[in-house]
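> I would like to see how this sequence folds:
(chains A and B)
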Amino acid sequence: MSVPMPASSSSTLPSGESRLHPFLATRSSLNLRRRLVNALIVLFTTLAALFAAGLLIYLLCYVLSQGLRYINLDFFTQLPTPNGEPGGGMGEAFQGSLILIALASLMGVPLGLFTGIYLAEFGRGSFAQGVRFLVDVLNGIPTIIFGLLAWVLIVIPMQSFSGLAGGFALGMIMIPIVTRTSEDVLRLVPRELREASLALGATEARTILQIVLPAARNGIITGVVLAMARVAGETAPLLMTAFGTTFWNTDVTQPMDALPLRIFQFTLSPYQQQVNQAYAGAFVLIVLILLASLAVRLATGGFKQR
Amino acid sequence: MDQAIVEQTSRSVSRPAGMALSIEQLNAWYGRKQALFDINLTVPPLSVTALIGPSGCGKSTLVRCLNRLHETLPGARVEGRVIANGLDIYGRGIRPMNVRRHIGMVFQQPNPLPTRSIFENVAIGPRLNLGLRGSRLKELVERSLQQAALWEEVKDRLHSPATSLSGGQQQRLCIARALALEPEVLLMDEPCSALDPISTLQVEELITYLKRQYTIVVVTHNMQQAARIADRTAFFLQGHLVEEGETQQLFTHPRKKETEDYISGRFG
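Reported below is the predicted structural model:
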């Protein structure tokens, strides 16, 4: 059954027809409805986008308004004061976070990078497919599970919460992120480069170490920084591993503080100053992660130009 | 097993030696797709042999079989023999990287190592494989760049990035990089197809000059180029070697109908 097409046939008529030009014939009631739907969809999607962006801006403003007064030198260099006395900071949390991220990187970066190299360069067939799938699953596992594992494997045998356990939990979270990003960027290195090296009689290992890895360097660094930023904000797996402390501690066999842990503890504090300091810590954490993503943006821009 | 090949380079002072290649019953596959069928071809030493044919005829695959590069692609496979100075490069105990040290290759797209300087690009082969350093390495780099007719253009900026060179210069840099390993054979896979006419002329002159010291196999889709530079020419079609012979002979009196159709421009 054919629908009559108003006006459209008229355009082929030679002249003298009083019918509308087909371009103008869109002004019918049917088309009014189409244009209305179109306008509504544009409106709703724009509103949703504004809401999403506004949420982050509101969050930043709120956190800043609550915590700004407490961000000063002492905040980074002093320990928390007992019983909510004025002053003090959360220096031990910054110290602990640095140590925990370093421990996590020590474990997550080499394991992730080597797995990525394996998948990109050597992994063929169903075994590699299996590894890739498992790494993806690992990436989706709730992070508290890694905390549980660290608790069972390290905290219980050592009979103590420890920085080591926290670093182990965070390191496991880093592995799949570093693996996938390094596999992806290694695959981007053109085959001609590898062949140039192979044709000079270099071994596969040398080709990867001296030609492929340097060519993918920026992308790999990007992946590592993203993974570090990701674990910097992890709280759940640290609750049952690093546990937290309000004292300076560099001994990784002892409980260790971390920025998100301190924010968690202070938010629940009965003292108003500590609640505000929690907001200050949250703001610093957001800014640090924002800076990391910005640095990565700049670096990947440079990577694409290469 | 590689002893014969190894000794060949240690005598590099007593050049020209050149190496003959004899391809026997060579078959090659990409996964299940067969790309070369029972190729038999002899490449005489110190000569230029051109491989011509339409796209997808297997000519590039064949040169990539001559330095065992074909097999590095996932799923790729080779059967048959390639005899180089009496030794089968596909024989037992022969390591591909040793073959590649003596049978150099220049690719279609100039592929200098982008993160390295001009000097480093040429030095990387001898540094990795021969362990050369210091003044001996510098001499070799200079000699290779001179052989590739690039020295005069880059001698004042050896430490600039290789990517700062023009396309034609990059290709001559890649030739210098291959020559720095003092190979017996030089394989060139459409070395001029990414170059402008002037750079093409320079590379062609270079090939004619280099054949006094090297056995050269060059893939080209340009029949005029084959006629200009090659002593012998082999014509390929759909993975088969159709005809092979003196270049002059092949272009003026082809024996096979397919060859005549191709060189007279009736297809391809």
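> Quick check: the residue of the stretch 101-250 of chain B nearest chain A.
B:R101 (3.5 Å; CB to the nearest CB). C-beta coordinates here come from the backbone N, C-alpha and C atoms, glycine included.
> what sits against the nearest residue to that residue once chain neighbours are set aside?
Residue nearest to B:R101 in three dimensions, not counting chain neighbours: A:G201, with 3.5 Å by CB to CB, 6 or more residues apart in numbering or on different chains. Contacts were defined as CB atoms under 8 Å, 6 or more residues apart in numbering or on different chains; by that measure A:G201 touches B:97-98, B:100-101, B:125, B:128-129, B:181.
> now swap in B:E24 and tell me
The neighbourhood of B:E24, defined by CB under 8 Å, 6+ apart, consists of B:40, B:80-83.
> quick one: which of the residues you listed is most hemmed in?
Comparing the contacts of B:E24 by number of neighbours (other CB atoms under 10 Å in any protein chain shown), B:V82 comes first, having 25 neighbours.
> who's that residue bridged to?
B:V82 forms beta bridges with B:I23, as assigned by DSSP bridges.
> Let's verify the residue nearest the centre of chain B: helix, strand, or coil?
The residue lying closest to the centre of chain B (CA atoms, centre = their mean) is B:L187, at 0.8 Å. Using DSSP: H, G, I helix; E, B strand; the rest coil, the three-state assignment for B:L187 comes out as strand.
> tell me which element the nearest residue to A:A102 once chain neighbours are set aside falls in.
Leaving aside its chain neighbours, A:A102 sits nearest to A:G167 (7.6 Å; criterion: CB to CB, 6+ apart). Here A:G167 sits within helix A:163-188, counting by DSSP states H and E.
> in that helix, what counts as buried?
Counting neighbours by 16 or more other CB atoms under 10 Å in any protein chain shown, one finds that the buried residues in helix A:163-188 are A:163-186.
> Quick check, pLDDT for the residue of the stretch 101-250 of chain B closest to chain A.
For B:R101, the pLDDT comes out at 90.
> OK, contacts around it?
B:R101 neighbours (CB under 8 Å, 6+ apart): A:200-201, B:9, B:125, B:129, B:181, B:183.
> Equivalent analysis for B:P183, please.
With contacts taken as CB under 8 Å, 6+ apart, B:P183 has the following neighbours: B:101-104, B:214.
> How about A:G84?
A:G84 sits in contact with A:269-274, where contact means CB under 8 Å, 6+ apart.
> from those, which two are the most distant?
Of all pairs drawn from the contacts of A:G84, the widest gap by CB to CB lies between A:P270 and A:Q273 and measures 10.5 Å.
> what's the neighbour count on A:I220?
The number of residues packed around A:I220, counting by other CB under 10 Å, is 23.
> so it touches A:E183, yeah?
No: the pair formed by A:I220 and A:E183 falls short of the contact definition of CB atoms under 8 Å, at 10.2 Å.
> Tell me who's in contact with the spatially most central residue of chain A.
Residue closest to the average C-alpha location in chain A (CA atoms, centre = their mean): A:R230, at 4.8 Å. With contacts taken as CB under 8 Å, 6+ apart, A:R230 has the following neighbours: A:173-174, A:177.
> As TSV, these with distance to A:V152 would be great.
TSV is the format used below for the contacts of A:R230 (distance: CB to CB, whole Å):
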residue	distance to A:V152
A:I173	16
A:M174	20
A:I177	23
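> Can you add pLDDT and distance to chain B and give those back as CSV?
Shown next, in CSV, are the contacts of A:R230 (pLDDT from 0 to 100; distance: CB to the nearest CB, whole Å):
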residue, pLDDT, distance to chain B
A:I173, 96, 31
A:M174, 96, 26
A:I177, 95, 25
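> How about the residues of chain A by chain B?
If contact is defined as CB under 8 Å from any CB of the partner chain, the residues of chain A in contact with chain B are A:124, A:190, A:192-203, A:206, A:210-211, A:214-215, A:306.
> Run through the residues that contact A:P142.
For A:P142, the contact set (CB under 8 Å, 6+ apart) comprises A:A236.
> so what's the backbone phi/psi at it?
Dihedral angles of A:P142 (phi, psi; degrees, to the nearest 10) stand at phi -60, psi 140.
> Next, find the distance separating it from chain B.
Distance from A:P142 to chain B, counting by CB to the nearest CB, to the nearest Å: 36 Å.
> cool, A:G116 as well?
In this structure, A:G116 lies at 18 Å from chain B, with CB to the nearest CB as the measure.
> Break down the chain into its helices, ranges please.
No chain specified, so I'll use chain A. Here chain A has its helices, by DSSP state H, at A:29-67, A:73-77, A:91-117, A:125-140, A:143-150, A:156-158, A:163-188, A:191-199, A:204-206, A:213-215, A:217-232, A:236-239, A:259-267, A:272-305.
> ah, I was thinking of chain B
Along chain B, the segments classed as helices by DSSP H run B:3-10, B:59-66, B:96-102, B:118-129, B:134-147, B:151-154, B:167-179, B:197-210, B:223-229, B:247-252, B:257-263.
> which residues are in contact with the last one?
This means helix B:257-263. B:52-54, B:223, B:235, B:237, B:242-243, B:250-251, B:254, B:267-268.
> On the pLDDT front, check B:A20 for me.
The per-residue pLDDT of B:A20 was computed as 89.
> where in the chain is pLDDT low?
Went with chain A since none was named. Within chain A, the segments meeting pLDDT under 70 span A:1-20, A:22-29, A:300-306.
> I was after chain B.
Judged against pLDDT under 70, the low-scoring parts of chain B cover residues B:1-17, B:267-268.
> what about 80?
Applying pLDDT under 80 to chain B flags the ranges B:1-18, B:130-132, B:266-268.
> Please list the residues of it that sit near chain A.
By the criterion of CB under 8 Å from any CB, the positions of chain B lying close to chain A are B:67, B:69, B:72, B:74, B:97-98, B:100-101, B:104-105, B:107, B:109, B:111-115, B:124-125, B:128-129, B:174, B:177-178, B:181.
> Out of those, which end up buried?
Restricting those to buried positions leaves B:67, B:69, B:72, B:97-98, B:100-101, B:104-105, B:107, B:109, B:111-113, B:115, B:124-125, B:128-129, B:174, B:177-178, B:181, with burial counted as 16+ other CB under 10 Å.
> Hmm, A:L138 is touching A:I177, no?
No: in terms of CB under 8 Å, A:L138 does not count as a neighbour of A:I177; the distance is 9.5 Å.
> Return the distance of whatever residue of the stretch 101-250 of chain A ends up closest to chain B relative to A:T115.
With CB to the nearest CB, the shortest gap between the stretch 101-250 of chain A and chain B falls at A:G201, namely 3.5 Å. Computed with CB to CB, to the nearest Å, the distance linking A:G201 and A:T115 is 28 Å.
> List the contacts of A:A282.
When contacts are counted by CB under 8 Å, 6+ apart, A:A282 touches A:63, A:67, A:263.
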